[in-house]
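Colleague: I'd like to go over a predicted model; first the sequence, then the structure.
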Amino acid sequence: DTEVTQTPKHLVMGMTNKKSLKCEQHMGHRAMYWYKQKAKKPPELMFVYSYEKLSINESVPSRFSPECPNSSLLNLHLHALQPEDSALYLCASSRTANTGELFFGEGSRLTVL
Amino acid sequence: AQTVTQSQPEMSVQEAETVTLSCTYDTSESDYYLFWYKQPPSRQMILVIRQEAYKQQNATENRFSVNFQKAAKSFSLKISDSQLGDAAMYFCAYRRANAGNNRKLIWGLGTSLAVNP
């Protein structure tokens, strides 16, 4: 059973589209993360939110825009993506940003045409 | 900079047998955490086991145990009585204990484990 829920599970978009990925957790965690994962590779950290504030941006292109409306929700807004952005996008949460134990969602598989 | 190395890109094991996945890391820190994560095909990433560097006792979780050798900077995962559901990509990961703003997990490249019936 997953306690981190991501929607949609699959998304196909054109390079001119605007779309959003959503993530929700109800474990009371105060840190939330976005990762990008290519096939058979480890996840690559994109963003970290701690207490609803952006604390880490791993030099991610501005076509990816994160948002944390409250402590349970995390969004990733997508605009003008490139085909190389096609990947599995994983959301994760942890009790705090200083607790290394991450709980992951099942991911949103993004295809950019 | 810290690094994590998994030297076995692929491994296989017979059902009910035991397999050991290797992981080495490099760090100058004395206090840190080590993790093994499992990612089955098209399934979510889950934490298998966690080890605090200050604990000498090796962590165990049911059929999963680690051999933590701090001086050698080695952190291997042993899976006993392998089951078909153990087939997955296994990632070893490292994190500093007092990370401050450096909260990143450092990941190995993964080991793809196949379980043969």
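Modeller: Structure received.
Colleague: contacts, neighbours, all on C-alpha from now
Modeller: OK.
Colleague: could you pull out the strands for chain B?
Modeller: Defined through DSSP state E, the strands belonging to chain B, from first to last, are B:3-5, B:10-14, B:19-21, B:24-26, B:32-39, B:46-52, B:60-61, B:64-69, B:74-79, B:88-96, B:106-107, B:111-116.
Colleague: Could you list the residues of chain A in contact with chain B?
Modeller: A:40-43, A:45, A:55-56, A:97-98, A:100-107 (C-alpha under 8 Å from any C-alpha of the partner chain).
Colleague: same thing but 6 Å
Modeller: With C-alpha under 6 Å from any C-alpha of the partner chain as the criterion, chain A meets chain B at residues A:42, A:104, A:106.
Colleague: returning to what we had before: of the strands of chain B, which stretch is the most buried?
Modeller: Relative to the other members of the strands of chain B, strand B:88-96 carries the highest mean neighbour count by mean count of other C-alpha atoms under 10 Å in any protein chain shown, namely a mean of 26.
Colleague: excluding its backbone neighbours, what's nearest residue B:20?
Modeller: Spatially, and ignoring its direct neighbours in sequence, residue B:20 is nearest to residue B:78 (4.3 Å; C-alpha to C-alpha, 6 or more residues apart in numbering or on different chains).
Colleague: Among the residues of chain A next to chain B, the buried ones, what's the ChimeraX command?
Modeller: To isolate in ChimeraX the members of the residues of chain A next to chain B that are buried, counting by 16 or more other C-alpha atoms under 10 Å in any protein chain shown, one can use:
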select /A:42,104,106
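Colleague: Closest to residue B:88 out of the residues of chain A next to chain B?
Modeller: Closest to residue B:88 out of the residues of chain A next to chain B is residue A:42 (12.9 Å), distances taken as C-alpha to C-alpha.
Colleague: OK, contacts around the closest one?
Modeller: By C-alpha atoms under 6 Å, 6 or more residues apart in numbering or on different chains, the residues touching residue A:42 are residue B:109.
Colleague: Throw the strands of chain B into TSV and include mean pLDDT and distance to residue A:50, thanks.
Modeller: As requested, those are arranged in TSV below (pLDDT from 0 to 100; distance: least, C-alpha to C-alpha, whole Å):
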stretch	mean pLDDT	distance to residue A:50
strand B:3-5	96	25
strand B:10-14	97	36
strand B:19-21	98	33
strand B:24-26	97	27
strand B:32-39	95	20
strand B:46-52	94	21
strand B:60-61	92	29
strand B:64-69	97	31
strand B:74-79	98	29
strand B:88-96	95	17
strand B:106-107	95	19
strand B:111-116	97	31
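Colleague: Tabulate those strands (TSV), appending distance to residue A:10.
Modeller: Putting those into TSV (distance: least, C-alpha to C-alpha, whole Å) gives the following:
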stretch	distance to residue A:10
strand B:3-5	31
strand B:10-14	28
strand B:19-21	32
strand B:24-26	35
strand B:32-39	18
strand B:46-52	20
strand B:60-61	33
strand B:64-69	32
strand B:74-79	32
strand B:88-96	21
strand B:106-107	25
strand B:111-116	24
